[in-house]
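# just need the structure, nothing else, for what follows:
(chains A and B)
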Amino acid sequence: MTTIRLKNKLAALLCGITLLNLPFLVRANEMKDTAGDAGGKATQIEIKDFHFNPQTLTVKSGEKVTWINRDDEPHTVVSVEKQFKKSPPLDTDQEFTITAGAPGTYTYFCSVHPKMTGTIVVEKS
Amino acid sequence: MSDYISHDHNHDGIDRRGFLKCMAWAGTGLLWTVSGGVLASKTLAEIAKTGGSLPTATDLSFLQVSDSHIGFSKEANKDVTATFKIALDRINTLPTPPSFLIHTGDITQLSKPEEFDTFDEVLKSCRTKDVFYVPGEHDVLSDNGKLYRDRYLKSVEGKGSGWYSFNKNGVHFIGLVNVLNLEAGGLGQLGDEQLEWLKNDVNDLGTSTPIVVFAHIPLWAVYPQWGWSTSDSEQALGYLKRFGSVTVLNGHIHQVLQKVEGNVTFHSAMSTAFPQPAPGTAPSPGPMKVPDEKLRSVLGLTSVQYRHGNNALAIVDSNLS
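This next block holds a predicted model:
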């Protein structure tokens, strides 16, 4: 892994993101060890067609995870075991970010459409 | 020939052709009438056209309105307040006003106070003043339904998270809440406390009492893959099995679907805001865009009429075009 590769990926990402995401991306750049798989993109979970994509996401402890809602329908992000704060209702294009805590497996769902479920696997940083 | 009833084998005002036509009206309003325990419905358009074969003074008619989604402004309908107003205008032009309205949830899009305010303001134009509510999941997004309960349960004795019952003209009405405390991976849910209440609520009623149950999410398995079902509805329906006439009304799926199972008739109403796809025909159940000129044909109301002695309620769906 090289710094140059990361910078290229960051530049590509910046083309398609909102200013709100900027602090998150800068932080992702600092976490060189975690950006190898999808260039930092994997720390974003897209909500589309009543699904969380990717449905399972692996991150390092301390890394940030952002959900963005691409549906015309509000969704929420709620930890099944109440392990992290729940999101407010996310309308179209709204985001919600948490910082991954202690290593472990965290399952979550949309409390509005409980069929929608996802998992975050947090590994040691 | 009538607009949509050509064969009435069961003398309940509904035939196959009529039902199919009702299906085509998905998204509009339906006037429900209870007649001797059997619900019958008619389109508002037809009622207006014929001068109204509405119930006599001894009968009961009420109207179901659903899924107004005030605050929604996406492609599928950029002005849901306007279409809600049209629905109310239709109600106001009925020759005989319905006794009351039932709103089967999703009053608002995001449970915002200003969305509820708009709804309340627009509703003032309706001649029919009595409205009974159950919440949709869109009405309880932020506060577990507190704002909803503070506003819409004033005329009833709400129990638990807001369920209740009342009697009108010998018909027992039950408003259930199946959009709260949902579990991951699950469906709509009533919960043990509400089920226990329901069991006691109907315990002393005679089996000839017509029952009307209304809730937001369907109490039958319309399409569980999309969450269009309620996980513990079987138990609830078990308590109602002994009754000769049970009518179950819901919203949530923004289209007319009906199913009859023994003495139980299940019926889902159109929305006044936007249509949703038929089960399994799209990647998701999200709002469906139709050509602008077609929108009002897929929005609507449901009317219900009840006539003593017949023990049947007639259910009629009508669209807003």
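# any stretches of the chain with poor pLDDT?
Defaulting to chain A. Low-confidence regions of chain A, defined here as pLDDT under 70, cover residues A:1-42.
# to clarify, I was referring to chain B.
Scanning chain B with the threshold set as pLDDT under 70 gives B:1-58, B:309-312.
# interface residues of it facing chain A?
For chain B, the residues found near chain A under the criterion CB under 8 Å from any CB of the partner chain are B:74-76, B:109-111, B:137-138, B:141-142, B:182-187, B:225-227, B:283-287. Quick note: C-beta positions are derived from backbone N, CA and C, even for glycine.
# write the ChimeraX selection for whichever of the residues you listed are buried.
ChimeraX command restricting these to the buried ones, with burial defined by 16 or more other CB atoms under 10 Å in any protein chain shown:
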select /B:74,76,109,110,111,137,138,141,182,184,186,187,226,227,284,285,286,287
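# which ones among the residues of chain B next to chain A lie within strands?
Cross-referencing the residues of chain B next to chain A against strands under DSSP state E gives no overlap.
# B:Leu147 falls within a helix, correct?
Yes. Assigned with DSSP: H, G, I helix; E, B strand; the rest coil, B:Leu147 falls within a helix.
# chain A versus B:Leu153, what's the distance?
In this view, B:Leu153 and chain A are 21 Å apart by CB to the nearest CB, to the nearest Å.
# that residue: neighbour count?
20 (other CB atoms under 10 Å in any protein chain shown).
# and if you look at the one 3 residues further on?
Residue neighbour count, defined by other CB under 10 Å, stands at 16 for B:Val156.
# need the contact list for it.
Contact criterion CB atoms under 8 Å, 6 or more residues apart in numbering or on different chains gives B:Phe132, B:Tyr164, B:Phe166, B:Gly175 as the residues in contact with B:Val156.
# distance of the first one from B:Val156?
Read that as B:Phe132. Here the distance between B:Phe132 and B:Val156 works out to 7 Å (CB to CB, to the nearest Å).
# what do you get for B:Val246?
20 Å.
# now do A:Val121
From A:Val121 over to B:Val156 (counting by CB to CB), the distance is 47 Å.
# and the nearest residue to B:Lys199 once chain neighbours are set aside, how many neighbours?
Here the nearest residue to B:Lys199 in space, its sequence neighbours aside, is B:Tyr239; by CB to CB, 6 or more residues apart in numbering or on different chains that works out to 4.9 Å. Applying other CB under 10 Å, we find 17 other residues in the vicinity of B:Tyr239.
# the one 10 residues further on now?
When neighbours are defined as other CB under 10 Å, B:Leu249 has 30 of them.
# anything in contact with each of B:Phe132 and B:Val156?
Contacts common to B:Phe132 and B:Val156, judged by CB under 8 Å, 6+ apart, are B:Phe166, B:Gly175.
# tell me how far the residue nearest to A:Thr119 when sequence neighbours are not counted lies from A:Asp93.
In space, A:Thr119 comes closest to A:Thr56 once its chain neighbours are excluded; the distance is 4.5 Å by CB to CB, 6+ apart. Using CB to CB, one obtains 24 Å as the distance from A:Thr56 to A:Asp93.
# do the same with B:Asp106
With distances taken as CB to CB, B:Asp106 is found 21 Å from A:Asp93.
# so those two - more neighbours on which side?
In this view B:Asp106 and A:Asp93 are compared by other CB under 10 Å, and B:Asp106 has more residues nearby, 26 against 10.
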